[in-house]
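Novice: how would this look folded up:
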Amino acid sequence: MSNVHEKNIDGKTKLVGLLATPIGHSLSPRMHNLAYTLTGLNYAYLAFEVGNDELEATVKGLKAAGAAGFNVSMPNKMKVLEYLDELDDSAKYARASNTVVNRDGKLIGYNTDGQGYVKNLLEHGVTLEGKKVTLVGSGGAATPIAIQLVQSGIKEISIFARNDAFFVQAEENVDYINKEMKQFGVKANLFPLEDKEAFRREVAESAILANGTSLGMKPLDHLSIIDDALDVLRKDLVVTDVVYNPQKSKLLAQAEEAGATAINGLGMMLWQGALGFKLFTGVDMPVERVKEILFGDNQ
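Specialist: From the prediction side, this is the model:
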């Protein structure tokens, strides 16, 4: 009897892919394939090095080949909308899709990035109803977070962005929330990150301070969005970070020291994957087991 561990790929295995570049560092293939193994599902998740130029041909090919669906990461999240048949509200409002499901030959786009962030807050017992949020950032992570928060019952969001190209994107996001998403009744405000007085005032009025930038991620792990405004932290503030490498960013260490609630980006990453997993397979991802195996006990 051979004790070779054979991966059960056969004539019925369903394919899920990830389209991004650069792709080598992505945790998604490991996370999804581990979850298939744990749930006994006959799926395989592969990464494809695809940028904007190859995107249309790849999407058409995966659709024609009957793939179950695919995830989309940088730089394809906005571009992919052109090649989809339908958009869920999560993708429509975010103007970007990170999860595409092939439903009977129809490609439907979703955005689980913002949903993963919100789901992670709820899992930590944070309520959003009627709250005000201060969000730093307007890029690929911060935009879907802002858009999903607006759909999740908050009453006001103040967005801070550096006074450069990011500020233009932040302006677009704030305009979009105030005009195109009026029905949610959320007021969006915009400030330059350099305006420390405004930052102190807005955080003081907010229940949640969210970092949606890569500041604090290696190799910028010696930095924090509040290095020169430490006094904004207080005990009843929830501080969240999209960063999960390191798992305790400088911002979250500062928050803990001030007695605030600190939530890192690991849960958002896992939940956006779990929501996609459910869309692809119809089955719940065993999130706690996956987290344990991938990240061990040092959460």
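Novice: now residue 19: closest residue in space, sequence neighbours ignored.
Specialist: With C-beta to C-beta, 6 or more residues apart in numbering as the criterion, residue 19 has its nearest non-adjacent residue at 4.2 Å, and that residue is residue 50. In short, each C-beta sits where N, CA and C put it, glycine included.
Novice: burial count for that neighbour?
Specialist: 23 (other C-beta atoms under 10 Å).
Novice: wait, what's in contact with it?
Specialist: With contact taken as C-beta atoms under 8 Å, 6 or more residues apart in numbering, residue 50 is in contact with 19, 20, 21, 58, 76.
Novice: quick one: it and residue 293, what's the gap?
Specialist: For residue 50, the distance to residue 293 equals 28 Å [C-beta to C-beta, to the nearest Å].
Novice: how much space is there between residue 232 and residue 271?
Specialist: To residue 271, residue 232 is 27 Å away according to C-beta to C-beta.
Novice: next: residue 187.
Specialist: Between residue 187 and residue 271 the distance, using C-beta to C-beta, works out to 27 Å.
Novice: same deal with residue 201?
Specialist: The gap separating residue 201 from residue 271 is 31 Å, by C-beta to C-beta.
Novice: between residue 187 and residue 271, which one's more packed in?
Specialist: Taking other C-beta under 10 Å, residue 187 and residue 271 do not tie; residue 271 has more neighbours (23 against 14).
Novice: in what element of secondary structure is that one found?
Specialist: helix 266-281 (DSSP states H and E).
Novice: centre of the chain versus that helix, how much separation?
Specialist: Centre-to-centre, helix 266-281 and its host chain are 9 Å apart (C-alpha atoms, centre = their mean, to the nearest Å).
Novice: can you pull the buried residues of it?
Specialist: Across helix 266-281, burial judged by 16 or more other C-beta atoms under 10 Å covers 266-277, 279-281.
Novice: check stretch 93-106 too.
Specialist: Applying a neighbour-count criterion of 16+ other C-beta under 10 Å, the buried positions in stretch 93-106 are 93, 94, 95, 96, 97, 98, 99, 100, 101, 102.
Novice: end to end on it, go ahead and measure it.
Specialist: 20 Å (C-alpha to C-alpha, to the nearest Å).
Novice: what sits against the spatially closest residue to residue 124 that is not a sequence neighbour?
Specialist: Leaving out its chain neighbours, the residue that sits closest to residue 124 by C-beta to C-beta, 6+ apart is residue 263, at 5.4 Å. Residue 263 is in contact with 120, 121, 124, 126, 238, 239, 240, 241, 252, counting by C-beta under 8 Å, 6+ apart.
Novice: which ones among the residues you listed map onto helices?
Specialist: Of the contacts of residue 263, the ones assigned to helices by DSSP state H are 120, 121, 252.
Novice: let me know the closest of these to residue 151.
Specialist: residue 121 (13.2 Å; C-beta to C-beta).
Novice: who are the contact partners of the residue minimising distance to the centre of the chain?
Specialist: Compute the mean C-alpha point of the chain, and by C-alpha atoms, centre = their mean the closest residue is residue 113, 2.8 Å away. Going by C-beta under 8 Å, 6+ apart, residue 113 touches 94, 96, 98, 141, 144, 145, 148, 268, 272.
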